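With the input below, show me the fold.
(one chain, ligands or ions: 1)
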Amino acid sequence: MPAAEKSKLCPMLTGNQQKKKRSCNTDSSLAGEECDKTCEPFNPADSAFNHAESTFNPAESAFNPAESLLRDLRSLPAWEWQRITAEHLNLDYAVVFPKIIAAKIFDALEKELEYFTGDLARVKVFGKWHDIPRKQATYGDEGLTYTYSGITTPARPWTATLGALREVLHTATGYRYNFVLVNRYADGKDKMGEHKDDEKELDPLVPIASVSLGQPRDFYFVHQDARSKKRDVPKVRLTLGDGSVLLMRPPTNQVWYHALPPRASAKHTRINLTFRAIKKRSCRPSF
Ligand SMILES: O=C(O)CCC(=O)C(=O)O
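Residues are numbered from 1 along each chain as shown. Predicted coordinates for the structure are as follows:
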């Protein structure tokens, strides 16, 4: 059984993780890779909310729903995390958005988000292409892409609501996210199969922050040894509630698979946002 404990403290970066913030050409795992951009060190001031502010034109609208949402989000009490642990599994879970705010976010996302169609709405599993049993989209900093299950998805520019959520996650966790994968499950027929989020472009020291809105859904983690029938390790099961945040801390995604199984009883739509930190490619200055 996973141990569970409650904590009011916000999980913050440790000293070593702070030091891990890198600038171009210092990431040994990427050394030798080249990109065609001028070397640009990571700039913490370059937040999504700055982007949302810079595109806000008061002449166009007296009431800005994204700013009103951000005010709501900033006024929330400190998040009360529940820690869930097992062998090499380290999670923090909290229901952080009251129903009324979660519904506002859900409605805004339904208006703002554009989902993939065509080749980007299919995945390769064991060499065969299949339609994804849900809708997907990716948003993030300019130029970022994410490759998984045989597809490479480009980041669309942050929307106001995604940018506001990114800022609130930064305040609450201390982590800065530059990319988000959106999964929309129309109802309980839509699902996500067992997988690990261990792609090499993800910063392995930054937890993936998974925000859930709408229909609560069952979710489970299965240890790689149990999955390959090497030994028995109990599954860890959760229900991801409306307005919740799940932090999947390292080394969880190196060792455990996770999945969202179909559920006939789930009649309503759910949107899940997994905020991620993608490593910037090592750049060489172009003279
Ligand atoms: O919808 C969910 O909660 C699962 C999302 C997920 O597994 C992923 O984005 O990797």
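
correct me, but Leu69 touches Gly163?
No - here Leu69 does not reach Gly163: they are 10.2 Å apart, not a contact under Cβ atoms under 8 Å. All C-beta atoms are positioned from the backbone trio N, CA, C, and that covers glycine.

if you count what's nearby, which of the two comes out ahead?
Using other Cβ atoms under 10 Å, the more surrounded residue of Leu69 and Gly163 is Gly163, with 23 against 19.

In a helix, the more buried one, correct?
Yes - assessed with DSSP: H, G, I helix; E, B strand; the rest coil, Gly163 lies in a helix.

The residue nearest to Lys267 when sequence neighbours are not counted: how many residues sit nearby?
In space, and not counting its chain neighbours, Lys267 is closest to Asp187: 5.9 Å by Cβ to Cβ, 6 or more residues apart in numbering. Per other Cβ under 10 Å, the neighbour tally for Asp187 reads 15.

Is it correct that Asp187 is in contact with Pro262?
No - taking contacts as Cβ under 8 Å, Asp187 lies outside contact range of Pro262: 9.3 Å.

residues contacting Asp92?
Going by Cβ atoms under 8 Å, 6 or more residues apart in numbering, Asp92 touches 7, 11, 81-84, 207, 246-247, 249.

please redo it, this time with the cut-off set to 10 Å
Residues near Asp92 by Cβ atoms under 10 Å, 6 or more residues apart in numbering: 7, 10-11, 79, 81-85, 173, 207, 209, 245-249.

What's the ChimeraX syntax to select whichever of those are buried?
Restricted to buried positions by 16 or more other Cβ atoms under 10 Å, the ChimeraX selection for these reads:
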select :11,79,81,83,84,85,173,207,209,245,246,247,248,249
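
Could I get the full set of helices for the stretch 101-250 of the chain?
Secondary structure of the stretch 101-250 of the chain, counting by DSSP state H, counting those that start in this stretch: helices at 160-173, 224-227.

List the buried residues of the shortest one.
Across helix 224-227, burial judged by 16+ other Cβ under 10 Å covers Ala226.

So which of the contacts of Asp92 belong to strands?
7, 81-85, 209, 245-249 (DSSP state E).

Would you tell me which residues of this protein are close to the ligand?
181, 183, 192, 197, 210, 219, 240, 258, 260, 272, 274 (Cβ under 6 Å from any ligand atom).

Separate out the buried members of the residues you listed.
Buried among those (16+ other Cβ under 10 Å): 181, 183, 192, 197, 210, 219, 240, 258, 260, 272, 274.

show me what contacts the second one?
Think Asn183. By Cβ under 10 Å, 6+ apart, the contact set of Asn183 is 115, 132, 134-137, 190-192, 210, 212, 260, 270-274.

Kindly recompute the last result at 8 Å.
Asn183 touches 134-136, 192, 271-272, 274, counting by Cβ under 8 Å, 6+ apart.
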